[in-house]
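Visitor: one predicted model, sequence on top.
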Amino acid sequence: MSQTDVVKETIAYLKFWLGVMVVSDISLVGWVLSNAGITPDFRAFGAIIGIGVITVSAYFVHRRIEYMISTLKELS
């Protein structure tokens, strides 16, 4: 397998996980918004922490994808 194919497969794999993170983040935000008044404080606080962690993780995966795309440009 050539180096270009390896980079393309890595990008595809990272894009999958970025999609999972975005969907999870949106779902968790929706849950917090719809249950903010009726859920215990520790659950709301945990959900907010989870939103922050998922958002930051998605940002770093996005940056990694950008780096891999620039690497792909150099290989071509």
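Guide: That came in fine, so what should we check first?

Visitor: and the longest helix seen in the chain, what's buried?
Guide: The residue-count maximum for a helix in the chain (DSSP state H) belongs to helix 41-75. By 16 or more other Cβ atoms under 10 Å, the buried positions in helix 41-75 come out as Ala44, Ala47, Gly50, Ile51, Ile54, Ala58, Val61, Ile65, Met68. Where C-beta positions appear, they are placed from N, C-alpha and C, glycine not excepted.

Visitor: now the residues you listed in a markdown table, with distance to Lys15 and pLDDT?
Guide: Shown next, in a markdown table, are the buried residues of helix 41-75 (distance: Cβ to Cβ, whole Å; pLDDT from 0 to 100):
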| residue | distance to Lys15 | pLDDT |
| --- | --- | --- |
| Ala44 | 31 | 92 |
| Ala47 | 26 | 95 |
| Gly50 | 22 | 97 |
| Ile51 | 21 | 98 |
| Ile54 | 16 | 98 |
| Ala58 | 11 | 98 |
| Val61 | 9 | 98 |
| Ile65 | 6 | 97 |
| Met68 | 10 | 95 |
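
Visitor: could you dump these to JSON lines with distance to Gly19?
Guide: Formatted as JSON lines, the buried residues of helix 41-75 follow (distance: Cβ to Cβ, whole Å):
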{"residue": "Ala44", "distance to Gly19": "26"}
{"residue": "Ala47", "distance to Gly19": "20"}
{"residue": "Gly50", "distance to Gly19": "17"}
{"residue": "Ile51", "distance to Gly19": "17"}
{"residue": "Ile54", "distance to Gly19": "12"}
{"residue": "Ala58", "distance to Gly19": "10"}
{"residue": "Val61", "distance to Gly19": "10"}
{"residue": "Ile65", "distance to Gly19": "11"}
{"residue": "Met68", "distance to Gly19": "16"}
